[in-house]
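Enquirer: Fold the following.
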Amino acid sequence: MVRPTIHHTVAAKQQASRDKRKRYYENTLSPESVAQTESNTNDLSDSDDEVDFDAIITLSDCLGLVHDAKNKVLAIVPSGTPTIYVEGILRKYTMSLRDSVAGDIEVFREGLTMVEPYLLWAQQGQDKIFNMCGVCDEWHAADEVSRFIGHLVAMLEDLYRLAVSGDLDEAYLLGETMYQKTLGLEAPGV
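Expert: So this is what the prediction gives:
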């Protein structure tokens, strides 16, 4: 015999699912673990770049981790636009070309190491949200943050890889860098 349908609309099913998860977390968390997770959440915002991913066990911890990753990246990228941050890194690189023919490619690596740990934070938070809740509104919000940071990291990795191999000037003149393709810029040398 088939179970009767209790919730008829998608919104009602989603709300019932959220209520079920909420009841589960209320019933399964002991007072000791709640105190531990509250202290861990407070430690997240105070720590520099050290996060104990195993200690993040609740949905609010995951959301806090993704939120902290977003805030730290926005502190580095104040405009909120990855391409403007990459423009600044390119500007620093071109200024270093005055001093040497090869330029200082460490500018790209420094920019990358400033942002890359927060991509891991956002992805870990997103994965844990998916394991707890599946694809839900919270997961979509974490996905948006992960994509934002991932796109920034990908552009910086592309420029760094091209600079290390010595092909940055050629790729830039041909308009083949990820940064230029993202903006839809024409190749300046053609």
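Enquirer: Ranking helices and strands of this protein by mean pLDDT, which lands last?
Expert: For the chain, counting by mean pLDDT, DSSP states H and E, helix 31-46 ranks last in confidence among helices and strands (a mean of 46).
Enquirer: helix or strand right after it?
Expert: On the C-terminal side of helix 31-46, the closest following helix or strand by DSSP states H and E is helix 59-76.
Enquirer: Helices along this protein, start to end?
Expert: 10-28, 31-46, 59-76, 82-96, 106-133, 137-165, 168-174, 178-183 (DSSP state H).
Enquirer: how close does the closest residue to Asp104 other than its chain neighbours get to Ser79?
Expert: Distance criterion CB to CB, 6 or more residues apart in numbering; nearest residue to Asp104, sequence neighbours excluded, is Ser96 at 3.7 Å. To be clear about C-beta, it is placed using only N, CA and C from the backbone, and glycine gets the same treatment. Distance of Ser96 to Ser79, computed by CB to CB, to the nearest Å: 22 Å.
Enquirer: Lys72 too?
Expert: 15 Å.
Enquirer: Looking at the two now, which is surrounded by more residues?
Expert: Lys72 (20 against 11; other CB atoms under 10 Å).
Enquirer: Look at that one and report its pLDDT.
Expert: Looking at Lys72, its pLDDT is 90.
Enquirer: same thing with the one 4 residues further on?
Expert: Reported pLDDT at Ile76 in the predicted model: 87.
Enquirer: Let me know how buried it is, in neighbour terms.
Expert: Going by other CB under 10 Å, the residues that sit close to Ile76 add up to 12.
Enquirer: Please name the spatially closest residue to it (chain neighbours excluded).
Expert: The shortest distance from Ile76 to any non-neighbouring residue, by CB to CB, 6+ apart, is to Met114 (5.6 Å).
Enquirer: So that neighbour is in contact with Lys72, correct?
Expert: No: if you go by CB atoms under 8 Å, Met114 and Lys72 don't touch, sitting 9.4 Å apart.
Enquirer: what about Gly150, distance to Leu168?
Expert: To Leu168, Gly150 is 21 Å away according to CB to CB.
Enquirer: Compare these two (neighbour count), which wins?
Expert: In terms of neighbours (other CB under 10 Å), Leu168 is the more surrounded of Gly150 and Leu168; the figures are 21 against 17.
Enquirer: Neighbours of the residue nearest to Ile76, how many?
Expert: 18.
Enquirer: could we number from 42 for the rest of this?
Expert: Shifting the count to begin at 42 puts that one at Met155.
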